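Novice: sequence unknown, structure follows:
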């Protein structure tokens with residue numbers, strides 16, 4: 001690319017200079033042609049004036065001297081003046097007409113250019129001029145101007161223009177190569193950075209301060225890509241470590257119970273008890289694997305975006321009825337208020353609400369109230385699930401929607417779920433074009449979900465459990 005840009009610079013500079021050179025050459029040539037014609041016309045007028053004053057024999061005899069005096073110092077003028085009827089002839093610089101006298105005589109009045117045997121360049125013309133003698137005579141005039149100095153100047157100028165244009169093209173190519181190499185420096189740096197990348201060196205970044213403004217967006221985009229790759233690899237490593245850690249417990253339980261069962265002969269009832277215990281662990285594994293597959297689909301944008309009309313207050317009421325037994329067991333009250341509807345996948349949205357409710361009930365103390373609020377805004381719907389209880393520390397607020405994250409890591413994992421519920425909820429909300437966030441203080445913890453609204457809004461109603 002550097003060589004192509006340098007060649008392009010050279011071609012553009014050469015083309016521009018050639019056009020300028022041609023314009024200069026034509027202008028100078030036209031100027032010299034005009035000067036030569038003016039000089040030829042001036043000399044012709046002088047000869048015509050001398051002939052008009054030649055009225056007597058004495059004047060005719062003195063005419064050669066008068067012509068020589070008029071052309072004194074003009075060494076570029078060739079002249080041949082003849083009066084055929086009187087066999088009168090006067091010549092100045094005869095060699096200027098060598099081989100051209102007949103051609104000039106055959107084209108009277110026309111300006112003709114030629115080159116003599118010495119290589120000198122001339123222009124001239126042949127004229128028939130009246131001589132007021134008694135009786136009147138006609139003089140044949142051959143008049144020429146040596147223009148070799150003009151031709152030599154034009155040749156020298158064209159040679160110098162050619163050398164100058166060639167030198168300028170070479171200089172433009174060198175400058176173009178230097179500019180292109182400097183301008184493409186960030187691309188080489190990108191190449192070097194990419195060649196150094198590996199799983200262990202994803203922290204490589206390029207500085208955007210030393211690059212041209214035109215390439216700053218490229219550098220920023222490249223750094224952003226590296227940032228996303230590093231973040232993805234970090235999440236993948238953390239996810240893999242979390243998966244191994246989470247799967248280790250049920251697998252260890254299965255192995256332990258199986259080894260204990262096989263350590264000695266047992267009754268059929270004992271074996272059935274072991275199988276029932278193992279079945280619970282298998283179900284836990286199945287749920288965890290299903291949740292991880294769901295999140296994998298969400299990461300790759302494979303979650304379906306349904307087009308069902310989902311009435312949120314009906315779904316919330318059904319979930320409150322489903323969790324009523326659990327809430328009564330823990331001494332927790334459930335409330336739902338507000339109405340709205342959205343467009344999406346009903347089962348997925350119900351699963352998101354279910355995760356939020358189960359999480360809120362689990363962390364609500366006895367006699368606490370879990371409140372589900374539904375609010376229809378201008379173009380969005382806000383669903384909030386709030387509950388009293390232990391506040392979430394501010395430093396962990398940004399991590400609550402991460403996979404396998406638990407606020408209290410010392411709490412027994414048995415019965416506390418896999419730590420994927422809030423991560424699944426966030427994936428479902430994002431798949432529906434919504435946002436989710438959490439706020440927590442000493443009095444309540446509130447999870448707020450905003451989703452795009454549908455045009456129709458039902459009337460308000462309040463239900464409780």
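Specialist: Thanks, I have it. Values in this document were obtained by computation on a predicted structure and should not be read as measured data. Numbers count the residues shown, from 1 in each chain.

Novice: So residue 120 is in contact with residue 145, correct?
Specialist: No. When contacts are counted by C-beta atoms under 8 Å, residue 120 is not listed as touching residue 145 (10.8 Å). From N, CA and C alone the C-beta is placed, and that goes for glycine too.

Novice: So these two - more neighbours on which side?
Specialist: Between residue 120 and residue 145, counting by other C-beta atoms under 10 Å, residue 145 is the more crowded of the two (24 against 17).

Novice: Tell me if the more buried one really is in a strand.
Specialist: Yes. Checked against DSSP: H, G, I helix; E, B strand; the rest coil, residue 145 lies within a strand.

Novice: Isn't it up against residue 74?
Specialist: No. Counting by C-beta under 8 Å, residue 145 does not reach residue 74; the two are 9.0 Å apart.

Novice: got any residues that touch both of these two?
Specialist: Shared contacts of residue 145 and residue 74, defined by C-beta atoms under 8 Å, 6 or more residues apart in numbering, are found at residue 43.

Novice: Check the burial of the residue lying closest to residue 13 once chain neighbours are set aside by counting its neighbours.
Specialist: Distance criterion C-beta to C-beta, 6 or more residues apart in numbering; nearest residue to residue 13, sequence neighbours excluded, is residue 172 at 3.6 Å. For residue 172, the neighbour count with other C-beta under 10 Å is 21.

Novice: how much space between residue 172 and residue 15?
Specialist: 11 Å (C-beta to C-beta, to the nearest Å).

Novice: Repeat that for residue 326.
Specialist: 84 Å.

Novice: Ok, residue 292 next?
Specialist: From residue 292 to residue 15 the distance is 64 Å (C-beta to C-beta).

Novice: more neighbours, these two?
Specialist: residue 292 (21 against 12).

Novice: Which positions within the helix or strand containing that one qualify as buried?
Specialist: Here residue 292, judged by DSSP states H and E, is contained in helix 268-299. Within helix 268-299, the residues that count as buried by 16 or more other C-beta atoms under 10 Å are 274, 278, 281, 284-285, 288, 291-292, 294-295, 298.

Novice: which one of the residues you listed sits closest to residue 355?
Specialist: residue 291 (10.1 Å; C-beta to C-beta).

Novice: so what's the residue nearest to that closest one when sequence neighbours are not counted up against?
Specialist: If the residues on either side of it in the chain are set aside, residue 291 comes closest to residue 420, at 4.3 Å by C-beta to C-beta, 6+ apart. Going by C-beta under 8 Å, 6+ apart, residue 420 touches 288, 291-292, 295, 403-404.

Novice: what does residue 421 give?
Specialist: So residue 421 contacts 355, 358-359 (C-beta under 8 Å, 6+ apart).

Novice: ok but residue 342 is inside a strand, no?
Specialist: Yes. Counting by three-state DSSP, residue 342 is found in a strand.

Novice: and the closest residue to residue 57 other than its chain neighbours, what pLDDT?
Specialist: Nearest residue to residue 57, sequence neighbours excluded (C-beta to C-beta, 6+ apart): residue 133, at 7.6 Å. On pLDDT, residue 133 comes in at 86.

Novice: Distance of the residue nearest to residue 291 relative to residue 42?
Specialist: Counting by C-beta to C-beta, the gap from residue 420 to residue 42 is 106 Å.

Novice: what does residue 294 give?
Specialist: 103 Å.

Novice: Do you have the helices of the chain handy? List them.
Specialist: 2-52, 57-70, 101-106, 148-183, 185-196, 213-262, 268-299, 312-322, 324-330, 346-362, 421-431 (DSSP state H).

Novice: need the contact list for the residue nearest to residue 13.
Specialist: Contacts of residue 172 by C-beta under 8 Å, 6+ apart are 9-10, 12-14.

Novice: Mind giving me the ChimeraX command for buried ones among the residues you listed?
Specialist: Selection of buried members from the contacts of residue 172 for ChimeraX, criterion 16+ other C-beta under 10 Å:
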select :9,10,13,14
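
Novice: Which single one of the contacts of residue 172 is nearest to residue 445?
Specialist: Taking those together and measuring to residue 445 by C-beta to C-beta, the closest member is residue 9, at 65.5 Å.

Novice: Looks like residue 338 contacts residue 381 (just checking).
Specialist: No. Counting by C-beta under 8 Å, residue 338 stays clear of residue 381, with 9.2 Å between them.

Novice: Quick check: residue 68 touching residue 91?
Specialist: No. With contact defined as C-beta under 8 Å, residue 68 does not reach residue 91; the gap is 10.9 Å.

Novice: Between the two, which is the more surrounded one?
Specialist: residue 91 (15 against 12).

Novice: Per-residue pLDDT of the more buried one, please?
Specialist: For residue 91, pLDDT reads 86.

Novice: Give me the neighbour count for the closest residue to residue 310 other than its chain neighbours.
Specialist: In space, and not counting its chain neighbours, residue 310 is closest to residue 346: 4.9 Å by C-beta to C-beta, 6+ apart. By the criterion of other C-beta under 10 Å, residue 346 has 15 neighbours.

Novice: is it true that residue 346 touches residue 311?
Specialist: No. If you go by C-beta under 8 Å, residue 346 and residue 311 don't touch, sitting 9.2 Å apart.

Novice: Tell me which residues touch the residue lying closest to residue 304 once chain neighbours are set aside, please.
Specialist: Leaving aside its sequence neighbours, residue 304 sits nearest to residue 345 (C-beta to C-beta, 6+ apart; 5.7 Å). Residue 345 is in contact with 304-306, 308, 432, counting by C-beta under 8 Å, 6+ apart.

Novice: Buried ones among these?
Specialist: Counted by 16+ other C-beta under 10 Å, the contacts of residue 345 give 306, 432 as buried.
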